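Participant: how would this look folded up:
(one chain, ligands or ions: 2)
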Amino acid sequence: MMRVYNTLSKKVEDFIPHEEGIVRLYTCGPTVYHYAHIGNLRSYIFEDILQKGLTYLGYQVKRVMNITDVGHMTSDADSGEDKMKKGAIREHKTVYEIADFYTKAFFEDFEKLNILRPEVVEKASDHIPTYIKMIEKMLKDGYAYISNGNVYFDISKAHDYYQLSGKKPEELLIGVRDTVEEDKAKRNPFDFGLWFTLSKFSDQDMKWDSPWGVGYPGWHIECSGISGEYLGEYLDIHCGGVDNIFPHHTNEIAQSEAYFGHKWCNYWMHCEHLNDKNGKMSKSSGEFLTVSLLQEKGYDPLSYRYFCLNSHYRSQLVFSYEALDGAENAYRKLKNRIRALDRTPALQESKLDYYQEQFKKAIENDLNTASMLTVLYDVLKDDTLSDFTKLYLVNDFDQVLSLGLITDEEEKEEIDADLEKEVLVKIEERNAYKKAKDFARADQIREELLAKGIKLIDTREGTTYERV
Ligand code: AMP
Ligand code: ZN
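Facilitator: Ligands and ions are numbered 1, 2, ... in the order given. Have a look, this model is predicted:
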């Protein structure tokens, strides 16, 4: 049973999706006004491991991510400058050019870090009619109000607005006081913008017609809108970095539940921050650490992935070059050890279960990546395992870890080909049992292979197989 820490309940809970075997997962995407720093990417590595870990456990994961190209201010509480506009001015480009450029750069970082691009990636600016429809309903139902030409969500109407953050309004106000300039149009300081008209920024590039005038959506509505459109009204898991808990995710819950009229998402998982020696890593202070910068300094981006996997996603992680050097060293040694393994095929199938179970347990234990690595090292240390069995397990675990442990595509194919040989031997064995009318043993072979993800298919021409 998968267990996860749920920010909503502040407890580790059994994970039970709405629909058996299927996980509807929403992960907030980047604001594409600049490169992602390696702190941002820590959150995306965590989400990638979550997706792949759930897949390893046998779930079908439907994952959606947005690209924020409109509506995000320098303060998460609707005030300050428009982030996209700021990027455009900085680089003498249009907002559209900035969005395209940094979206591309973002996914290049994904590739370097072996992060899988989610099945659905949608730009916030492509879903304006959805937001308008939602806002109209919230206005009609009394959850939203119009003031000074803008539409705001009235948080006094939300069900348990402070549950996710677990904080009292006074505490939250202290946290944001410095960055929030009072918006007189709001009834409550935490009310948030659903739609801004030109009363906010007259030089906004991205703007659309709406029932409330020409303008643009607030930051939060995009995630509720895109998630609802692709994953429906019931979400299983929603992720982001801890700084998203308030106000962003708090506001997503308020508006989604107001719109759908029921509880929306059962599990909220948040990645702790990557800090530098001055505190939370950010784009505006300290060294702007990107994956490209690490590469320029001679690091393999996957050393950074390895560095992240060594600590739990719910612990703060402090970045230093010394710590990264240590990770790169250990990662290189690990790869060398794997490279030195003998490739002669000799798969000990009976030994697989134990280690695959251990690996699953590490995933089920609130995504304990450090334990996943421990299982990997245990495999390499086990003298009773043939080298080929070790390689097989390394390849298997790397579906989740994605550390490029068996780098060579050719080598991967060789392992697959050797596995195929083993399967063919099993098929022959089964045919012999069938001929001897020993169907119990024949079925046993079928079941054993199925447990390893190989499904036999009997046809008139003979038996073939597919991976499941
Ligand atoms: P942004 O592009 O600013 O919207 O941030 C993208 C993601 O990175 C969000 O999920 C943030 O919560 C997350 N994030 C921002 N800073 C850090 C950090 N220092 N460590 C880990 N995650 C972060
Ligand atoms: Zn979001």
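Participant: what bridges to Asn365?
Facilitator: On the basis of DSSP bridges, Asn365 takes part in beta bridges with Arg3.
Participant: ok, now which ones touch the residue in the stretch 151-300 of the chain that ligand 2 sits nearest to?
Facilitator: Across the stretch 151-300 of the chain, no residue is closer to ligand 2 than Cys223, which sits at 3.2 Å (C-beta to the ion). Where you see a C-beta, it was placed from the backbone N, CA and C, and this is true even at glycine. By C-beta atoms under 8 Å, 6 or more residues apart in numbering, the contact set of Cys223 is Tyr26, Cys28, Asn66, His248, Glu252.
Participant: quick check: closest non-adjacent residue to it.
Facilitator: Nearest non-adjacent residue to Cys223, counting by C-beta to C-beta, 6 or more residues apart in numbering: Glu252, 5.1 Å away.
Participant: residues in contact with the one you found?
Facilitator: His220, Cys223, Ser224, Ser227, His238.
Participant: of those, closest to His273?
Facilitator: Minimum separation from His273 among the contacts of Glu252 (C-beta to C-beta) is found for His238, which lies at 18.0 Å.
Participant: one step back: could you turn the buried ones of the contacts of Glu252 into a ChimeraX selection?
Facilitator: Command for ChimeraX that selects the buried part of the contacts of Glu252, burial taken from 16 or more other C-beta atoms under 10 Å:
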select :220,223,224,227,238
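Participant: filter the contacts of Glu252 down to just the ones in strands.
Facilitator: Mapping these onto strands (DSSP state E) picks out His238.
Participant: would you turn the contacts of Glu252 into TSV with distance to ligand 1?
Facilitator: Below are those laid out as TSV (distance: C-beta to the nearest ligand atom, whole Å):
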residue	distance to ligand 1
His220	12
Cys223	11
Ser224	16
Ser227	14
His238	11
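Participant: can you pull out the low-pLDDT segments for the stretch 151-300 of the chain?
Facilitator: Using pLDDT under 70 as the threshold, the predicted model of the stretch 151-300 of the chain has low-confidence ranges 175-181, 198-202.
Participant: in it, which residue sits closest to ligand 1?
Facilitator: For the stretch 151-300 of the chain and ligand 1, the shortest gap (C-beta to the nearest ligand atom) falls at Gly241, measuring 2.2 Å.
Participant: repeat that for the stretch 51-200 of the chain.
Facilitator: Closest approach between the stretch 51-200 of the chain and ligand 1, counting by C-beta to the nearest ligand atom: Thr68, at 6.1 Å.
Participant: count the residues that sit near that residue.
Facilitator: Taking other C-beta atoms under 10 Å as the neighbour definition, Thr68 ends up with a count of 21.
Participant: verify the contact between it and Asn40 for me.
Facilitator: No - in this structure, Thr68 sits apart from Asn40 without contact. The criterion is C-beta atoms under 8 Å, and the distance is 12.0 Å.
Participant: which element is the residue nearest to Asn148 when sequence neighbours are not counted on?
Facilitator: Leaving out its chain neighbours, the residue that sits closest to Asn148 by C-beta to C-beta, 6+ apart is Ala185, at 3.7 Å. With the criterion set as DSSP states H and E, no secondary-structure element contains Ala185; it sits in neither a helix nor a strand.
Participant: can you start the count at 22 instead of 1 from here on
Facilitator: Understood, numbering begins at 22; the last thing we discussed is Ala206.
Participant: the residue lying closest to Val116 once chain neighbours are set aside - how many residues pack around it?
Facilitator: On the basis of C-beta to C-beta, 6+ apart, the spatially nearest residue to Val116 that is not a chain neighbour turns out to be Asp226, at 4.3 Å. When neighbours are defined as other C-beta under 10 Å, Asp226 has 15 of them.
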